[in-house]
Structure formats: C-alpha cells, structure tokens
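**Student:** Take a look and give me a structure for this.
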Amino acid sequence: MPPARTVLVPGRGEFFLRDTGGDGPAVMLLHGWMASADLNWCGAYADLVNAGYRVLAIDHRGHGRGLRPLVRFRLADCAADAAAVLRRLDLAPALVAGYSMGGAIAQLVARDHTDVVSGLVLSGTAAHWQDPQTRRAWRAMGLMGLWLSLAPRASWRLGFKRVGIPENERTAWLQSEMMRHSASDLAEAGRELGRFDSRPWLGSIAVPAAVVVTTRDEAVPVYKQRELAAACSAQVFEAPIRHLEIVNRASDYNPPLLAALEAVSRVKDARAA
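**Tutor:** Purely as a prediction, here's the structure:
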C-alpha cells in the first residue's frame, strides 16, 4: 500500500489518507459504498503511480478509518471532506476520480467545490438511483444496519458467501477491513444513495469529465452509466468488468481509467492554453 498519513483539517477533523507523494499531477480517489480507499483502489495504486500521478485516497466518514462524527452520514459532507483535504495540502485544483458511491460524491465535489477540481472521472456510478427496484432495496437499510451491529463477523461472512468470495487467508484481510466500518453509517449511506439525484444540475458542471463504464456491471446498470456520461458531456471509456471486479481484474480496469485521466487532463491543459 502507499504510505498512509493523517491530515488534520482544523474545525473538521483528522482524515486517513493514502498519499504517494511526489510532484506529479494529483488525483484524489473516492471509494464506493461499503468499501474503503484500500478495498476499492489497491489494484490501481501502482499503475497510477507508474503513470506519473501523485495518488491520494481518502476513507470516507463511517467507512474504514474515516471520521466518526456524531451527525448523520451525508454525501455532501464526504464531498466537503475531500475538498478540505485538497485545500489543506495545497493540491487544489486536482483530478478527482470516484467509483460507485464515490462517483456520486465526486459529482458533489464538482458542484459545490469548483476550486478543487481540474478534471472529473466517474466510474461504475450513476446520476440517480430513483428507479422503483433500487428504492425498495434502500428501504431495507435499517435492518442491514441492525444486523451488522449485532453480528458483524457473521454478517460479512454471509455477505462474502452470497457474492462468491471464498473464505481463506487472502480474504481475511477483506473481512477485517469491512469490520472497520460503522454499521449505522453504512445503512445511512445506503439511504443517502437512494435520495441522490444529480439530474437537475449535472449539466451545469463546467470541469472536463470522463466516464469509465463498467460494461458487465450488475449493480449499476450500464444504461444508467451511459445516461450519466451524456448528461455531463463526458468522454466515455469502457472497462469489461463487473462491479466488484475493480481489484481482481485491475488489468482490465486500469487502462481505461488511465486513458480517462489523460483525456480530462488534455482538455484542462487545452483550456489553460
């Protein structure tokens, strides 16, 4: 893993951050729901560094080693956290890449904190989760939170089994990372995703954008990913993976991710010229 650091933002808190250092272009990675920076992005760290980027990856509040403030989980607060860290490190504006829930957070960063974003890469995500089937799933979040609170180890073991992840020495690390999460924050994060809808304002985002479509995605329908790209006039790149294969099929995912980052960087540089 890249070096870890704690970034203190006065008045906001202490943030766990992976930071490779260096003087390359900074890219802030925003992870998905029920993940952490490492769970989501460990397969991409090395390729991004080898491509010359300074890689930053934050744990969102309630996830992994993220903040545990005594307030309800809100996507807008996660966006403000990421923006505050970039300002604190004097790295703004930076490239911002978000996967799944991190893609929703990245959209909010671009809307609410325009000074910290030079380019936006969204992947495995959507502009909304308002369809009836998904909204019904979000209603079960309270039960999920209670279950995780009462029996976290058994809950994660069952969850791994249901998605086909074997229990062995390698996946023990995955389970230990998952058990760092706050059960109540995970449940509220699910409800927040059910409320998220960027369609009214997505077209007003002015930074260069690209979308990496996960073309075998069973969690975020491909048509929603393409609708997102059309709504923000984003360049489209394709990764032939399922939603949870971002790490174990990194060789298929990382090339389009790198191409997307390069594309938004070129647009940024052309505008600056």
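
**Student:** Helices along the stretch 51-200 of the chain, start to end?
**Tutor:** 75-88, 101-112, 132-138, 141-150, 152-162, 169-178, 183-195 (DSSP state H, counting those that start in this stretch).

**Student:** any residues touching the longest one, and which ones?
**Tutor:** Residues external to helix 75-88 that are found in contact with it (CB atoms under 8 Å, 6 or more residues apart in numbering): 7-9, 12-13, 15, 17, 26, 28, 30, 56, 58, 60-61, 67, 69, 71, 92-94, 96, 101, 104-106, 108-109, 112-113, 115-116, 189, 192-193, 196. Bear in mind the C-beta positions are built from the backbone N, C-alpha and C, glycine included.

**Student:** of those residues, buried ones?
**Tutor:** 7, 9, 12-13, 15, 17, 26, 28, 30, 56, 58, 60-61, 67, 92-94, 96, 101, 104-106, 108-109, 113, 116, 189, 192-193, 196 (16 or more other CB atoms under 10 Å).

**Student:** Dig out what Val7 forms beta bridges with.
**Tutor:** Going by DSSP bridges, Val7 is paired in beta bridges with Phe15.

**Student:** Hmm, it is touching Glu14, no?
**Tutor:** Yes. The criterion here is CB atoms under 8 Å, and Val7 meets it with Glu14 at 7.1 Å.

**Student:** ok, Ala126 to Met34 distance?
**Tutor:** From Ala126 across to Met34, the span is 17 Å (CB to CB, to the nearest Å).

**Student:** Looking at these two, which has the bigger crowd around it?
**Tutor:** Ala126 (27 against 19; other CB atoms under 10 Å).

**Student:** Would you confirm that the more buried one contacts Lys224?
**Tutor:** Yes. Between Ala126 and Lys224 there is a contact at 4.0 Å, judged by CB under 8 Å.

**Student:** and for these two, which residues touch both?
**Tutor:** Residues touching both Ala126 and Lys224 do not exist when contact is defined as CB under 8 Å, 6+ apart.

**Student:** Can you tell me what sits against the longest helix along the chain?
**Tutor:** Among the segments of the chain that qualify as a helix by DSSP state H, the longest is helix 250-272. Here helix 250-272 makes contact (CB under 8 Å, 6+ apart) with 25, 27, 43-44, 47-48, 51, 53, 95, 97, 118-121, 123, 207-212, 214, 235, 237-241, 245-246.

**Student:** ok, the residue nearest to Ser100 when sequence neighbours are not counted - contacts?
**Tutor:** Leaving aside its sequence neighbours, Ser100 sits nearest to Gly32 (CB to CB, 6 or more residues apart in numbering; 3.1 Å). Contacts for Gly32 (CB under 8 Å, 6+ apart) come out as 40, 99-103, 124.

**Student:** among the residues you listed, which two are most distant?
**Tutor:** Maximum pairwise distance among these (CB to CB): 11.2 Å, between Asn40 and Gly103.

**Student:** low pLDDT regions in this structure?
**Tutor:** 133-166, 268-273 (pLDDT under 70).

**Student:** let's go with 90 and repeat that
**Tutor:** 34, 70, 129-184, 186-187, 190-191, 194, 219, 244, 266-273 (pLDDT under 90).

**Student:** Turn the contacts of Gly32 into TSV, including distance to Leu86.
**Tutor:** Formatted as TSV, the contacts of Gly32 follow (distance: CB to CB, whole Å):
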residue	distance to Leu86
Asn40	18
Tyr99	18
Ser100	21
Met101	19
Gly102	15
Gly103	17
Gly124	22
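
**Student:** which of those has the most neighbours?
**Tutor:** If you count neighbours using other CB under 10 Å, the busiest of those is Gly102, which has 32 neighbours.

**Student:** show me what contacts that one?
**Tutor:** Counting by CB under 8 Å, 6+ apart, Gly102 has contacts 29-32, 40, 60, 125.

**Student:** try 6 Å
**Tutor:** 30-32 (CB atoms under 6 Å, 6 or more residues apart in numbering).

**Student:** same check, this time on Phe73
**Tutor:** 62, 185, 188-189.

**Student:** Quickly note the distance from it to Gly124.
**Tutor:** Taking CB to CB, one finds Phe73 at 20 Å from Gly124.

**Student:** Likewise for His181?
**Tutor:** His181 is 19 Å from Gly124, by CB to CB.

**Student:** For Asp19, give me the backbone phi and psi.
**Tutor:** phi -150, psi 110 (degrees, to the nearest 10).
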